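J.: One predicted model, sequence on top.
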Amino acid sequence: FMAAIKWTSPVSAYITAIGWNMGNQLGKHIPALFIILFAAMALALLALELYRKRPSESAGKAMAFKWSMMPIRVLLVFAFGMGGAMFFWLLQSTIVWLVFGAVMGSLISHCVIEIIYNFDFKKLLSHKLQYAGCLACVLLAVMAFRFDWFRYDSYVPDEGKVAEAAVEIRLDSGWANFLEIEPKEDGTLGITYYDGVEILPDHMHITNLAPVLRIAEQGRDEALERREKQMRRFTDHETSAGSSSFIIGYENDGDEGENGRYNTRVSVVYTLKSGRKVYRQYDLYLSRVMDDYSALYDSPEYKDGLYYRVMELQPSDVAKVSYSERNKRVSVSPDGNSGYGDLLAAYQADLAELTTTQRLEENPIGQIWFVNRYESAYAEQQLKLYEQRNAGVKARMYQYELDSSQTWPVYPSFKRTLSALEAHGIQVGDLVPDDEIRSVMLDMSGVMRELGLRELEDEELAARYPVSGDGATLVFEEPENIRLLMDAMVDEECLNFNGLCEAQVAVYVTADTAAPTGRNGGYLQTNKITPEIKALFKGTPLEEYDLTGETADRVTAEADGVTAIEVPIMAESVVVD
């Protein structure tokens, strides 16, 4: 779409043209310039011919060419009919209002166009058959989307017709950058970013299609189910104890229970045996297809393709390596014999063997960068450009490497990687020791909102919860308490790598260190919250809060997957604040 839109409007074509570096890339654009020249000449001749044939302007003739009246009328009425249908669908999302919007949009536009054409209010319905045809086309179009008559949403290919597939699961790749750094014509390096579905088919070739198709079928089923819920959301109601109850709710994107967890987006590219590529996207809960997801994630085809930027990396291409933990980043010195070869091989082996079972139990403890030679050269180039543009003001290479290189998670179970890092002089797990942390602060503002304590003044809150101090934070300075909390804390950046091992995001944790790294932020990992940690929260809002994410006094009602609050509607009028 973005490639096509460049040439569909003079405005977008002009914007595209001014982005050309004509001094260094003129030769690249000569074909386009010739096309523009001939197109301009052809349009000029066409304009002169139309001007020669155009009848003189006269009252009572709105259109210069009579033959153009019908196609322009049809196109406009169809567009306004679709617009009316969409407008009322957004308001109520029911078939009745959808049809009403289509009828009104097409009818009003048809009448207005006829009046303009004929300068006569009596002619507003002079082409009833054309209007009926336009309305029928509008209704067929909107109903085709509503009921999936083209089978687009319902389509899952037969396994026998698919040669291979490429899959991007956002839970696994949301933190990854799909980019390429390549030399440009002027000799500098340029960076190009891609969507996963654009580039993954070149690196991922899944032939064990059964798990992929079952995941796709689940995504298809959930999409169709959500569409039906959307249709019912203004009509669902219950009757309880002789009085009606109106359900105030919303589509539940976070279903309760084990069968509705790990919501994510899945993109699939099917390469059919005919050579055609078919693209589909699904939103689904991985917990409903966990066996198939595990089979897919644990397969070499999936992981080697999804993480190709490190899995295809060769030792000779690695320019530098660095490791980060608790907001402290250090450079890794190369080994005298193999450089970074042993470390890269260790990480590739650990990442290849990482399973969903491990990810359900643990979060990364750090992150590692393998900066290849192109990425390093690009970072140096951008750093020099920055210093030139800012009169020699020095900047750190760190930020420019982050812009181009990819950071990778290091899990506690990556024994080969941990051993290789230690061989290179990096003490994993001890870059920022607990005794360098002066205090740990827990921000409870999210918890307080869920408990309905947002409006309390600090004095009132302190009177109710004496330990809470300034009202929304808890501060721990005792070494033993710091150790307990840090053992359960997962860094914010490390948490983003996983998504399967959950953390209590309503409680933000900040560790204040004495080291130059300053503060380190993160969350409490849910499966590491021990009874000793819970004992620290006695007398605070956290004592009344279930650290699995549910408040103790929350009242919910579930009807067909809809999270709801039941509000009785009495015979007399009711004011709801």
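T.: The structure has been received and is ready for your questions.
J.: Got the domain ranges for this structure?
T.: 1-54, 58-147, 159-302, 313-423, 434-544 (automatic domain parsing).
J.: So for Asp153, which of the ones you listed sits nearest?
T.: domain 159-302 (5.7 Å; C-beta to C-beta). For the C-beta atoms, the positions are set from N, CA and C on the backbone; glycine is no exception.
J.: Any idea how many residues pack against Lys450?
T.: Heads up, residue 450 is Glu, not Lys. By other C-beta atoms under 10 Å, 18 other residues sit near Glu450.
J.: ah, wrong one, I meant Ala511
T.: So Ala511, with other C-beta under 10 Å, has 25 neighbours.
J.: Including mean pLDDT and distance to Asp153, could the domains of the chain go into a markdown table?
T.: Below are those laid out as a markdown table (pLDDT from 0 to 100; distance: least, C-beta to C-beta, whole Å):
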| stretch | mean pLDDT | distance to Asp153 |
| --- | --- | --- |
| domain 1-54 | 80 | 20 |
| domain 58-147 | 87 | 9 |
| domain 159-302 | 83 | 6 |
| domain 313-423 | 88 | 28 |
| domain 434-544 | 82 | 26 |
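J.: these two touch, right, Leu439 and Asn481?
T.: To be clear, residue 439 is Ser; Leu isn't right here. No: Ser439 lies out of contact with Asn481 (C-beta atoms under 8 Å); the separation is 9.6 Å.
J.: Phe486 belongs to a helix?
T.: One thing to correct before we go on: residue 486 is Met, not Phe. Yes: assigned with DSSP: H, G, I helix; E, B strand; the rest coil, Met486 falls within a helix.
J.: Quick check: Thr356 vs Gly336, distance?
T.: 38 Å (C-beta to C-beta, to the nearest Å).
J.: which of those two has more neighbours?
T.: Thr356 (19 against 6).
J.: That one: what's its closest spatial neighbour, skipping adjacent residues?
T.: Ser294 (4.3 Å; C-beta to C-beta, 6 or more residues apart in numbering).
J.: which phi and psi does that neighbour have?
T.: Main-chain dihedrals, Ser294, degrees, to the nearest 10: phi -60, psi -40.
J.: Contacts made by the strand or helix carrying Tyr508 with the rest, please.
T.: Per DSSP states H and E, Tyr508 falls inside strand 503-513. Strand 503-513 is contacted from outside by 326-327, 363, 432, 436-444, 446-447, 450, 482, 485-486, 489-490, 495, 518-526, 529, 542, 545, 547-549, using C-beta atoms under 8 Å, 6 or more residues apart in numbering.
J.: One more: stretch 422-430?
T.: 323, 325, 330, 332-335, 342-343, 365-366, 410, 418, 421.
J.: what's the closest non-adjacent residue to Ala102?
T.: Ala102's closest residue in space is Ala85 (C-beta to C-beta, 6+ apart), at 4.0 Å.
J.: For that neighbour, grab the count of nearby residues.
T.: Applying other C-beta under 10 Å, I find that Ala85 has 27 neighbouring residues.
J.: ok, Ile368 - contacts?
T.: Val321, Ser322, Tyr323, Ser324, Tyr347, Thr407, Trp408, Val410, Thr417, Leu421.
J.: quick one: the helix or strand hosting the fourth one to chain centroid distance?
T.: Element membership of Ser324 [criterion: DSSP H and E] is strand 318-325. In terms of C-alpha atoms, centre = their mean, to the nearest Å, the centre of strand 318-325 is found 27 Å from the chain centre.
J.: what packs against that strand?
T.: Counting by 3 or more C-beta pairs under 8 Å, 6 or more residues apart in numbering; DSSP states H and E, the packing neighbours recorded for strand 318-325 are strand 328-332, helix 341-353, strand 366-372, helix 373-389.
J.: mind checking which of the ones you listed is nearest Thr207?
T.: Closest among the helices and strands packed on strand 318-325, using C-beta to C-beta: helix 341-353, at 17.6 Å.
J.: and that closest one, C-alpha only, in CSV?
T.: C-alpha atoms of helix 341-353 as CSV (Å, rounded to 0.1, in the frame of the first residue of the first chain):
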residue,chain,number,x,y,z
GLY,A,341,33.1,-17.8,18.8
ASP,A,342,32.7,-19.8,22.0
LEU,A,343,30.2,-17.3,23.5
LEU,A,344,28.1,-17.1,20.3
ALA,A,345,28.0,-20.9,19.9
ALA,A,346,27.0,-21.3,23.6
TYR,A,347,24.2,-18.7,23.2
GLN,A,348,22.9,-20.2,19.9
ALA,A,349,22.7,-23.7,21.5
ASP,A,350,20.9,-22.4,24.7
LEU,A,351,18.4,-20.4,22.7
ALA,A,352,17.7,-23.3,20.4
GLU,A,353,17.0,-25.5,23.4
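J.: Which secondary structure element comes immediately after it toward the C-terminus?
T.: Following helix 341-353 toward the C-terminus (DSSP H and E): helix 356-361.
J.: Val142: which of the helices and strands packed on strand 318-325 is closest?
T.: It's helix 341-353; of the helices and strands packed on strand 318-325, that one is closest to Val142 (C-beta to C-beta) at 47.2 Å.
J.: And that closest one, what's buried?
T.: Gly341, Asp342, Leu343, Leu344, Ala346, Tyr347, Gln348, Asp350, Leu351 (16 or more other C-beta atoms under 10 Å).
J.: picking up where we left off before, each with direction, which strands does the strand holding Ser324 pair with?
T.: Take DSSP bridges as the rule and strand 318-325 pairs in its sheet with strand 328-332 (antiparallel), strand 366-372 (antiparallel).
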